[in-house]
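Trainee: Everything below, folded, please.
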Amino acid sequence: MYEYFIKSIGLHYVREGFSLAEEYEQLIASYAKDGWRFVQLVNLSELSPSERRIDLIFERKKDERKVI
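Mentor: Presented below is the predicted three-dimensional model:
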């Protein structure tokens, strides 16, 4: 079984196109150290200006020894 985590990064439009609020390469590397595997990037740049973002989706095997 897997668990999932979604990290949202805001988009800010600039003259050249858009700019990310955070560097995604460093985020992916950081989460990988904690056992998360990068699965997909979801581009949500067509949302309203206050909601524009990209979502990074991560997964990792759930520790089945933990009982919820």
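Trainee: residue ranges for the helices of this structure, please.
Mentor: Along the chain, the stretches classed as helices by DSSP state H are 24-33.
Trainee: Quick check: bridge partners of residue 10?
Mentor: residue 53 (DSSP bridges).
Trainee: Any idea how many residues pack against it?
Mentor: Counted with other Cβ atoms under 10 Å, the neighbours of residue 10 add up to 14. The C-beta positions use only the backbone N, C-alpha and C, and glycine is treated the same way.
Trainee: Surely it is in contact with residue 52?
Mentor: Yes: counting by Cβ atoms under 8 Å, residue 10 touches residue 52, with 7.0 Å between them.
Trainee: Need the overlap of contacts for the two.
Mentor: Counting by Cβ atoms under 8 Å, 6 or more residues apart in numbering, no residue touches both residue 10 and residue 52.
Trainee: So which residue is smack in the middle of the chain?
Mentor: In the chain, the centroid-proximal residue (Cα atoms, centre = their mean) is residue 56; its distance is 2.1 Å.
Trainee: Who are the contact partners of that one?
Mentor: Counting by Cβ under 8 Å, 6+ apart, residue 56 has contacts 6-9, 24, 27-28, 38, 40-41.
Trainee: Only the buried subset of those, as a PyMOL command please.
Mentor: Filtering those down to the buried ones (16 or more other Cβ atoms under 10 Å) takes a single PyMOL command:
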select buried, resi 7+9+27+28+38
